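*Asks:* need the 3D shape of this:
(one chain, ligands or ions: 2)
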Amino acid sequence: MKALLLGAPGAGKGTQAQFITQAFQIPQISTGDMLRAAIKAQTPLGLEAKKIMDEGGLVRDDIIIGMVKERIAQADCANGFLFDGFPRTLAQAEAMRDAGVVLDAVVEIDVPDSVIVERMSGRRVHLASGRTYHIMNNPPKVAGKDDVTGEDLIQRDDDKAETVQKRLQVYHEQTAVLVGFYSQMSGDDAPKYIKVDGTQNVDVVKQEVLSALGK
Ligand code: AP5
Ligand code: ZN
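*Replies:* Numbers count the residues shown, from 1 in each chain. Ligands and ions are numbered 1, 2, ... in the order given. Okay, the predicted model is just below:
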């Protein structure tokens, strides 16, 4: 299955991605996680991306498109994949379409901006795996530690309140247009468009998403 998750920063894309990738045994392709890994490894891409991400802006389309094309050519993507946080601009969506990537489903997680800021301030992340927690809504078994590895959880540099506001603004200006792009596609290649209310608790969102995907 080839699918993508669409939604504002903090809507719960990474959280739901874990369930979908497990259910369908497909890799998660999170451009945000890939960029954070590049920052940690201090690659030229990481050095360039860090400033942009810390300010809540978007990394250049050509860089992101190249990175994703390379990733989906790898062997573990042969049976499908789940995009998380990609495409994020019309140019990125068109590049995938022009490369012949046919999606089976698009899942939109809908959460109003007013809920997002609280979610971001409580978010904790396991950097190596991308596993995501919330200190109140979705706490790890041991405070500050990843459930699977026991390693430390971190707070993301871009989860400061003012950066979150900027990311929301960028979402509305550049990414929200993809709701129309995908929901209005027609013809044999059109993906199933699934919209869920992302303000419900994590398990309810999970059930709705998996059942709409046929699991
Ligand atoms: P990226 O990493 O993609 O960040 P984002 O889209 O801003 O989304 P987040 O990861 O912040 O949120 P999420 O929807 O995954 O929510 P989560 O599950 O963590 O991108 C970061 C940056 O990289 C961008 O700003 C940009 O600079 C760059 N970038 C990345 N991709 C790019 C691209 N394609 N093009 C250009 N630039 C790109 O959940 C959030 C919190 O809420 C967690 O604490 C979670 O536990 C909690 N939570 C989740 N679900 C629920 C629920 N149902 N109820 C209550 N709490 C919940
Ligand atoms: Zn995420």
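
*Asks:* what is the burial count for the residue of the chain found nearest ligand 1?
*Replies:* Nearest to ligand 1 in the chain, going by C-beta to the nearest ligand atom, is Gly32, at a distance of 1.9 Å. Every residue, glycine included, has its C-beta placed from N, CA and C. Neighbours of Gly32 under the rule other C-beta atoms under 10 Å: 20.

*Asks:* mind listing what it touches?
*Replies:* Contacts for Gly32 were tallied using C-beta atoms under 8 Å, 6 or more residues apart in numbering; they are 14, 84-85.

*Asks:* now, which of these lie within helices?
*Replies:* Gly14 (DSSP state H).

*Asks:* ok, and the most crowded of the contacts of Gly32?
*Replies:* Asp84 (25 neighbours).

*Asks:* not counting sequence-adjacent ones, nearest residue to that residue?
*Replies:* Ser30 (4.1 Å; C-beta to C-beta, 6 or more residues apart in numbering).

*Asks:* that neighbour contacts Arg88, correct?
*Replies:* No: counting by C-beta atoms under 8 Å, Ser30 stays clear of Arg88, with 11.4 Å between them.

*Asks:* for the residue in the chain that ligand 2 sits nearest to, which residues are in contact?
*Replies:* Across the chain, the shortest distance to ligand 2 (C-beta to the ion) belongs to Gly14, at 3.2 Å. Taking C-beta under 8 Å, 6+ apart, we find Gly14 in contact with 30, 32-33, 84-85, 130, 132.

*Asks:* let's see 7 Å
*Replies:* By C-beta atoms under 7 Å, 6 or more residues apart in numbering, the contact set of Gly14 is 30, 84, 130, 132.

*Asks:* so the residue of the chain closest to ligand 1: helix, strand or coil?
*Replies:* helix (DSSP: H, G, I helix; E, B strand; the rest coil).

*Asks:* now Ala37
*Replies:* helix.

*Asks:* from Met67, how far off is it?
*Replies:* Distance, Ala37 to Met67, by C-beta to C-beta, to the nearest Å: 11 Å.

*Asks:* same thing with Pro9?
*Replies:* 19 Å.

*Asks:* more crowded one of those two?
*Replies:* Pro9 (23 against 17).

*Asks:* nearest residue to that one other than its sequence neighbours?
*Replies:* Arg167 (4.4 Å).

*Asks:* so what's Val117 up against?
*Replies:* Per C-beta under 7 Å, 6+ apart, neighbours of Val117: 161, 164.

*Asks:* show the subsequent helix or strand relative to the lowest-mean-pLDDT helix or strand in the chain.
*Replies:* When the helices and strands of the chain are scored by mean pLDDT, DSSP states H and E, helix 113-121 comes last with a mean of 91. Downstream of helix 113-121, the first helix or strand assigned by DSSP states H and E is strand 123-125.

*Asks:* give me the distance from stretch 193-206 to the chain's centre.
*Replies:* Offset of stretch 193-206 from its chain centre (C-alpha atoms, centre = their mean, to the nearest Å): 15 Å.

*Asks:* what does this protein have sitting close to ligand 1?
*Replies:* Within the chain, the residues that sit near ligand 1 (C-beta under 6 Å from any ligand atom) are 7, 9-15, 31-32, 35, 52-53, 56-59, 64, 85-86, 88, 92, 119, 122-123, 132-134, 137-138, 158, 167, 198, 200-202, 205.
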